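Q: would you be able to build a 3D model of this:
(one chain, ligands or ions: 2)
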Amino acid sequence: MINTKNAKLNAWVKMWADIMQPEKVVLCDGSDAEFTRLMDECVANGLAKKLNEKKRPNSYYFQSDPSDVARVENRTFICSKKKEDAGPTNNWMDPVEMKHIMISKYNGCMKGRTMYVIPFSMGPLGGAISQLGVEITDSAYVVGSMKIMTRMGKCALELIEKTGNFIPCVHSVGKPLPAGLKDAKWPCAPIDDKYIVQFPEEHEIWTFGSGYGGNALLGKKCFALRIASKMAQEEGWLAEHMLILKLTKTATKETKYVCAAFPSACGKTNLAMLIPTIPGWEVKTVGDDISWMKYDKNGQLRAINPEAGFFGVAPYTSEKTNKNALDSCCANTIFTNVGLTPDGDVWWEGIGYDCPVGTIDWKGNVVADPASRDKDENPVAHKNSRFAAPAEQCPAIDPEWENPEGVPVSAILFGGRRPSTVPLIHEADDWNHGVFMGSIVGSEVTAAAIGLKAGVRRDPFAMLPFCGYNMGDYFQHWINVGAAAKDKTKLPKIFFVNWFRKDNGKFLWPGYGDNSRVLAYIFDRCDGKGETVDTVIGKVPAAGQINIAGLTDGTNEESMEKVLAVNPEDWKAEVALIEEHYAKFGKHLPKELRERLDSLKKKLGM
Ligand code: OXD
Ligand code: MN
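A: Ligands and ions are numbered 1, 2, ... in the order given. The predicted structure follows:
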């Protein structure tokens, strides 16, 4: 057992060890030596490969079980006492019933395995906005990944011993290892036996059966979003699925911090690490996935990135699309489900050069003829293959990224993939209008992609899979946070962006580094500068306000007019979809949002 100075922690670990019956219990110290030792053990046991030390020092390669490649939304549960408190967008089960099921799963689930105890901090150690947790797990892959993604080990334990506080996070891959048997390459439970369970009222997380990052690195989606969103509701702060970046006007050295929420796989990591294409601007990264925001004593909303690493999608990360992400993975990185080249390095579709002959694909097959591979049907790297890389290795990391007080937020952006209707950028009139914008975020899905109905999948605030309570109450919380501002002039300005608008099937905006042109406009708007035009949905930039000088992809005044257009007929159709979306929330829909929708309808003559 473990013997820390915190009796509650010792007793909690003992209770779980008695249920799970591991061969031994190890308290993780979070050292570099521990990381390398555990990863090398994975290599020795056939669970991982060490990458070429000269090309990618101290980095490791894992292939998951084909059933365990992504988050499992249909196996994710919010177990509040009342179903209504989980709301219409979450799977719910009664907490007592769920605990009953899970205890029977957990019974003896770590036989033949080691139970690792991982004390961790989400956010800078001891920071004003940070929180502490302890994860128990039987996966060395999880320990290694938590070392990259959080501040973990001794440093966090000392704080837990001092404060006595931690969020309990329970994980098992759900596959005991019988004596004398060789371990599976990626132990996990079958798909219907995976459980990702949050108890929001108890601030507890229990998961079983999956080793995949979003399901097993419990500091990330389970704690920093689902549980933290509930804590934030109780305590008056915000836990959001947002990147954080710093924008600097180099001539004057003025800076502004921007948070941005986009649904998964809409380019958050790329925007967070963007290299501007217009002179005079610099972007630095604070975080690429999660932002926790609280008012400071002067009424300024400040944000931290609770994570310490990037758990990024590998495919289509290249020198061209995101050099900073690629450079972040230069060493000390764990790769999962990418290709493994014959010289012991990694490869994925869209990395920017051809796949070497003899590369091993994510399923373990040798790629004898790379040219014959269909990159969509049979990719070498799984489409959700990942890198877990330390944030401090990012060349664009902001020196303030570990400021324990957080960074002051000037603007909040919402966005999604919308081939039609939504302009490149529009600006909210005030905070509640911004909340309305967040509440209607959505992305286009194609029917084939994920087995959903084609059309717009609403993903309010990009929090659909991550809100730990009733989404209608979450909208109300956002309204309340705005109302609680001591000084409304200090509230961040809110914008809606859409990099993905198309005309005749062709993107109207180049995206990537050229998004700096839109960020420059946002920067000026935060200072009350720049000319705007009022439309039914908010303010759009007047002609010529977005700098398109030097663009050679066909962007011109005419295409800018198209990408910024607000077409009333499109918005009448959109309103019908918003009505459908809002209907789900019943009496939990805040009246302020209903009024916004009614006012939009009136402006459209509906
Ligand atoms: C992620 C996600 O992995 O949003 O960040 O799915
Ligand atoms: Mn995410």
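
Q: next one: whichever residue of the stretch 101-250 of the chain sits closest to ligand 1 from residue 600, what distance?
A: Of all residues in the stretch 101-250 of the chain, residue 214 sits closest to ligand 1, at 5.0 Å by Cβ to the nearest ligand atom. Placement of C-beta: from N, CA and C, glycine included. Using Cβ to Cβ, to the nearest Å, residue 214 is found at 35 Å from residue 600.

Q: of the two, which one has the most company?
A: residue 214 (23 against 20; other Cβ atoms under 10 Å).

Q: work out the gap between the helix or strand where that one lies and the centre of the chain.
A: Assessed by DSSP states H and E, residue 214 sits inside helix 213-216. Distance, stretch centre to chain centre, for helix 213-216: 11 Å (Cα atoms, centre = their mean, to the nearest Å).

Q: which helices and strands sit right next to the very next helix or strand once past that helix?
A: For helix 213-216, the following helix or strand on the C-terminal side (DSSP H and E) is helix 228-235. On a contact count with 3 or more Cβ pairs under 8 Å, 6 or more residues apart in numbering; DSSP states H and E, helix 228-235 meets strand 238-240, helix 471-483.

Q: quick one: contacts of the first one?
A: Right, the one you point to is strand 238-240. 224-225, 228-229, 231-232, 259, 261, 290-294, 301, 461, 463, 478, 481 (Cβ atoms under 8 Å, 6 or more residues apart in numbering).

Q: and what of the longest one?
A: Contacts with helix 471-483, where a contact means Cβ under 8 Å, 6+ apart, come from 85, 87-90, 229, 232-233, 236-238, 431-432, 434-435, 438-439, 460-461, 463-464, 467, 488, 491, 585-590, 592-593.

Q: now that helix and helix 228-235, what's the angle there?
A: Here the directions of helix 471-483 and helix 228-235 differ by 50 degrees (axes from the mean of the first three to the mean of the last three Cα atoms, to 10 degrees).

Q: and helix 471-483, what's buried?
A: The neighbour-count check on helix 471-483 (16 or more other Cβ atoms under 10 Å) flags 471, 472, 473, 474, 475, 476, 477, 478, 479, 481, 482 as buried.

Q: format those residues as CSV; extra columns: distance to ligand 1.
A: Below are the buried residues of helix 471-483 laid out as CSV (distance: Cβ to the nearest ligand atom, whole Å):
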residue, distance to ligand 1
471, 16
472, 22
473, 22
474, 17
475, 20
476, 24
477, 21
478, 19
479, 25
481, 22
482, 25
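
Q: list the helices and strands the helix or strand that contains residue 100 packs on?
A: Here residue 100 sits within helix 95-106, counting by DSSP H and E. On a contact count with 3+ Cβ pairs under 8 Å, 6+ apart, helix 95-106 meets helix 7-20, strand 195-199, strand 204-208.

Q: mind listing what's buried in the longest one?
A: Meaning helix 7-20. Buried residues in helix 7-20, counted by 16+ other Cβ under 10 Å: 9, 10, 12, 13, 16, 17, 19, 20.

Q: got the domain boundaries for the protein?
A: Domain assignment for the chain, taken from automatic domain parsing, gives 7-48+74-236, 240-307+398-566, 310-393.

Q: could I get the contacting residues of the residue nearest to residue 184 when sequence neighbours are not counted?
A: Counting by Cβ to Cβ, 6 or more residues apart in numbering, residue 184 lies nearest to residue 175, which is 6.8 Å off, once chain neighbours are set aside. Going by Cβ under 8 Å, 6+ apart, residue 175 touches 109, 184, 187, 188, 189.

Q: can you redo those residues as CSV with neighbour count and pLDDT?
A: What follows is those, written out as CSV (neighbours: other Cβ atoms under 10 Å; pLDDT from 0 to 100):
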residue, neighbour count, pLDDT
109, 22, 98
184, 13, 96
187, 21, 97
188, 24, 98
189, 21, 97
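
Q: so which two of the residues you listed are the farthest from each other?
A: Farthest pair in the contacts of residue 175 (Cβ to Cβ) is 109 and 184. Separation: 14.3 Å.

Q: helix, strand, or coil at residue 539?
A: strand (DSSP: H, G, I helix; E, B strand; the rest coil).

Q: one more: the one 10 residues further on?
A: When the structure is split into helix, strand and coil by three-state DSSP, residue 549 lands in coil.

Q: contacting residues around it?
A: Residue 549 neighbours (Cβ under 8 Å, 6+ apart): residue 278.

Q: using the three-state scheme, assign the residue in the stretch 201-350 of the chain that ligand 1 sits nearest to.
A: Nearest residue of the stretch 201-350 of the chain to ligand 1, counting by Cβ to the nearest ligand atom: residue 264, 3.4 Å away. Here residue 264 is coil, with the state taken from three-state DSSP.

Q: neighbours of it, how many?
A: Neighbours of residue 264 (other Cβ under 10 Å): 19.

Q: pretty sure it contacts residue 462?
A: Yes - applying Cβ atoms under 8 Å as the test, residue 264 and residue 462 come out as touching, 7.5 Å apart.

Q: who does the nearest residue to residue 232 once chain neighbours are set aside bridge with?
A: Spatial nearest neighbour of residue 232, chain neighbours left out: residue 239 (4.4 Å); criterion: Cβ to Cβ, 6+ apart. Note on residue 239: beta-bridge partners residue 292, judged by DSSP bridges.

Q: can you count the residues close to residue 239?
A: Other residues close to residue 239 by other Cβ under 10 Å number 29.

Q: do you know the pLDDT at it?
A: Predicted confidence (pLDDT) at residue 239: the value is 98.

Q: against residue 222, how distant is it?
A: With Cβ to Cβ as the criterion, residue 239 and residue 222 are 12 Å apart.

Q: return the helix or strand residue 599 falls within as PDB; C-alpha atoms alone will do.
A: Using DSSP H and E, residue 599 sits within helix 591-603. The C-alpha trace of helix 591-603 is given here as PDB (Å, rounded to 0.1, in the frame of the first residue of the first chain):
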ATOM      1  CA  LYS A 591     -35.100  33.300 -21.400                       C
ATOM      2  CA  GLU A 592     -32.300  35.500 -22.600                       C
ATOM      3  CA  LEU A 593     -31.500  33.100 -25.400                       C
ATOM      4  CA  ARG A 594     -35.100  32.700 -26.400                       C
ATOM      5  CA  GLU A 595     -35.400  36.500 -26.600                       C
ATOM      6  CA  ARG A 596     -32.200  36.600 -28.800                       C
ATOM      7  CA  LEU A 597     -33.700  34.100 -31.200                       C
ATOM      8  CA  ASP A 598     -37.000  36.000 -31.200                       C
ATOM      9  CA  SER A 599     -35.200  39.200 -32.000                       C
ATOM     10  CA  LEU A 600     -33.300  37.600 -34.800                       C
ATOM     11  CA  LYS A 601     -36.600  36.300 -36.200                       C
ATOM     12  CA  LYS A 602     -38.100  39.700 -36.000                       C
ATOM     13  CA  LYS A 603     -35.100  41.200 -37.900                       C
END
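
Q: that helix packs against which elements?
A: helix 431-439, helix 471-483, helix 568-583.

Q: mind listing what residue 91 touches?
A: Applying Cβ under 8 Å, 6+ apart, we find residue 91 in contact with 73, 74, 76, 77, 78.

Q: ok, residue 546 next?
A: 424, 425, 517, 518, 521, 560.

Q: out of those, grab the one that's most surrounded.
A: In the contacts of residue 546, the most neighbours by other Cβ under 10 Å go to residue 425, 27 neighbours.

Q: what bridges to that residue?
A: Counting by DSSP bridges, the residues bridging with residue 425 are residue 497.

Q: ok, and what's touching the helix holding residue 599?
A: By Cβ under 8 Å, 6+ apart, the list of residues contacting helix 591-603 reads 432-433, 435-436, 439, 475, 479, 536-537, 571, 575, 578-579, 582.
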